[in-house]
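Novice: Provided below for reference: sequence and predicted model.
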Amino acid sequence: MSDSLPETMQAAGFDAPGGPEVLRLETVPVPRPGAGEVLVRVAYAGVNRPDVIQRQGFYPPPPGASPIPGLEISGEIVALGEGVDAALLGQQVCALVSGGGYAEYCLAVADHCLAVPEGLAMDQAAALPETLFTVWHNVFERGYAKEGETVLVHGGTSGIGTMAIMLGKLFGMTVIVTCGGADKCAQALKIGADHAIDYKAQDFVEEVARITGGAGVQLVLDMVAGDYVMRNLKCLADDGRHVTIAVQGGLQATINMAEVMRRRLHLTGSTLRPRSNQFKALLAQEIARLAWPLVESGKLRPVMDRAFPLAEAAHAHARMEAGSHIGKIVLAVAQSA
């Protein structure tokens with residue numbers, strides 16, 4: 001590692017699980033890149049729901065991952081591990097990481113990095129990897145979504161929801177979302193959703209039936225689970241696909257398996273963080289080939305909510321938990337950010 005790099009850095013971590021207030025700055029060693037890894041001087045770090053769940057004590061980092069929260073970053077590559085292309089040194093990148101993002105320096109697998117194109121601000125770059133990788137894998141690879149289909153997305157104004165809206169529209173789909181309140185519905189429509197259902201005032205099952213003329217949707221992207229699952233299945237057309245990516249409404253669901261068989265429904269789900277480095281590298285390659293040109297052309301940009309200084313990570317978590325945000329929350333890490 002370069003002699004110009006410091007031995008220690010500031011990071012936002014916690015000693016024991018708890019509310020947002022347990023997050024505080026700490027001084028920790030600057031990590032050293034291993035084979036196939038790069039060290040990134042972090043400009044911004046994205047804040048995501050899994051970070052909150054980790055802080056609450058319900059989502060421990062996978063073996064070998066940093067205990068520091070943070071699953072996506074942007075910044076400059078300042079050191080290389082063995083076997084990494086020397087041309088990457090000094091590049092501005094964003095990266096999907098398995099932890100450690102809430103820090104001044106963060107390790108990333110070189111194959112999980114994407115070059116930040118001209119015109120993309122570094123705060124926006126940090127807001128892309130987690131949502132883009134998650135939505136791409138679950139909507140297109142697991143959900144087999146294609147042009148002309150209709151998709152129902154819960155949490156339409158979340159980071160995942162806003163990305164699903166934009167990708168769905170860019171790839172020729174009709175997108176129906178659910179949101180909590182008329183204001184959020186209006187924001188979802190502004191972002192590009194074709195229909196927005198206020199789940200606090202309307203029955204989304206009835207509304208989906210009305211919107212689709214009783215035909216149902218081909219795909220549900222579900223981040224609620226619990227008692228939503230059976231209601232989601234009622235929204236699906238025959239041969240429809242149901243993809244679960246979070247369990248905010250509960251771990252258990254009761255469903256009618258006879259209905260699943262009769263209508264040939266497909267139920268699946270995934271979590272991205274514990275997947276292998278090889279899997280994530282292949283996913284990054286596919287995104288670089290099929291989705292990143294939309295970023296490079298300016299057609300795809302994350303919806304940004306607010307940036308907090310690294311020292312105010314607790315406030316960022318409190319805002320996410322309050323549910324009032326629209327789009328992505330990020331932490332400004334670098335002194336110049």
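Specialist: Perfect, I can see it now. Numbering: from 1, shown residues only.

Novice: can we go C-alpha only for contacts and neighbour counts from here?
Specialist: Will do.

Novice: Got the domain ranges for this structure?
Specialist: What automatic domain parsing lists as the domains of the chain is 8-128+273-332, 131-269.

Novice: got JSON lines for the ones you listed, with mean pLDDT and mean neighbour count too?
Specialist: Shown next, in JSON lines, are these (pLDDT from 0 to 100; neighbours: other C-alpha atoms under 10 Å):
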{"stretch": "domain 8-128+273-332", "mean pLDDT": "97", "mean neighbour count": "20"}
{"stretch": "domain 131-269", "mean pLDDT": "97", "mean neighbour count": "19"}
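
Novice: Show the end-to-end separation of stretch 89-106, please.
Specialist: This stretch, stretch 89-106, spans 14 Å end to end (C-alpha to C-alpha, to the nearest Å).

Novice: brain fart, stretch 326-334
Specialist: Using C-alpha to C-alpha, first and last residues of stretch 326-334 are 24 Å apart.

Novice: Equivalent analysis for stretch 53-67, please.
Specialist: Criterion C-alpha to C-alpha; first-to-last residue distance in stretch 53-67 is 13 Å.

Novice: which residues touch that stretch?
Specialist: For stretch 53-67, contacts defined as C-alpha atoms under 8 Å, 6 or more residues apart in numbering pick out 13-14, 16-20, 50, 69, 98-100, 273-274.

Novice: mind giving me TSV with those and columns for secondary structure and distance to Val303?
Specialist: Formatted as TSV, the contacts of stretch 53-67 follow (DSSP: H, G, I helix; E, B strand; the rest coil; distance: C-alpha to C-alpha, whole Å):
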residue	secondary structure	distance to Val303
Gly13	strand	26
Phe14	coil	28
Ala16	coil	32
Pro17	coil	29
Gly18	coil	29
Gly19	coil	26
Pro20	helix	23
Pro50	helix	19
Pro69	coil	22
Ser98	coil	23
Gly99	coil	23
Gly100	coil	23
Arg273	coil	22
Pro274	coil	26
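
Novice: Could you list which residues are in contact with Leu114?
Specialist: Val93, Cys94, Ala95, Ala284, Ala288.

Novice: Which one of these is nearest to Asp85?
Specialist: Nearest to Asp85, judged by C-alpha to C-alpha, of the contacts of Leu114 is Val93 at 14.2 Å.

Novice: Surely the closest one is within a helix?
Specialist: No - counting by DSSP: H, G, I helix; E, B strand; the rest coil, Val93 is not found in a helix; it is strand.

Novice: right, and it touches Ser74 too?
Specialist: Yes - in terms of C-alpha atoms under 8 Å, Val93 counts as a neighbour of Ser74; the distance is 5.7 Å.

Novice: check contacts around Val116.
Specialist: Gln92, Val93, Cys94, Met122, Ala125.

Novice: Between all of those residues, which two are at the greatest distance?
Specialist: The distance between the two most remote of the contacts of Val116 (C-alpha to C-alpha) is 9.7 Å, for Gln92 and Ala125.

Novice: for the helix or strand where Ala209 lies, packing partners?
Specialist: Secondary structure assigned from DSSP states H and E places Ala209 in helix 204-211. Using 3 or more C-alpha pairs under 8 Å, 6 or more residues apart in numbering; DSSP states H and E as the contact test, the elements touching helix 204-211 are strand 195-198, helix 228-235.

Novice: before we move on, what SS does Asn74 have?
Specialist: No Asn there; residue 74 is Ser. Going by three-state DSSP, the secondary structure assigned to Ser74 is strand.

Novice: Show the contacting residues for it.
Specialist: Counting by C-alpha under 8 Å, 6+ apart, Ser74 makes contact with 40, 42-45, 92-95, 122-123, 125-126.

Novice: and it, how far is that from Glu130?
Specialist: In terms of C-alpha to C-alpha, Ser74 sits 12 Å off from Glu130.

Novice: Would you give the sheet partners of the longest strand along the chain, along with the direction of each?
Specialist: Ranked by residue count and defined by DSSP state E, the top strand of the chain is strand 37-47. Applying DSSP bridges, strand 37-47 is found paired with strand 72-80 (antiparallel), strand 105-109 (antiparallel), strand 328-332 (antiparallel).

Novice: following the second one, which helix or strand comes up?
Specialist: Once the chain leaves strand 105-109, the next helix or strand it forms, by DSSP H and E, is strand 113-115.

Novice: that older thread, can you lay out the strands paired with strand 37-47 as JSON lines showing distance to Lys190?
Specialist: Listed next are the strands paired with strand 37-47 as JSON lines, based on distance: least, C-alpha to C-alpha, whole Å:
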{"stretch": "strand 72-80", "distance to Lys190": "26"}
{"stretch": "strand 105-109", "distance to Lys190": "35"}
{"stretch": "strand 328-332", "distance to Lys190": "16"}
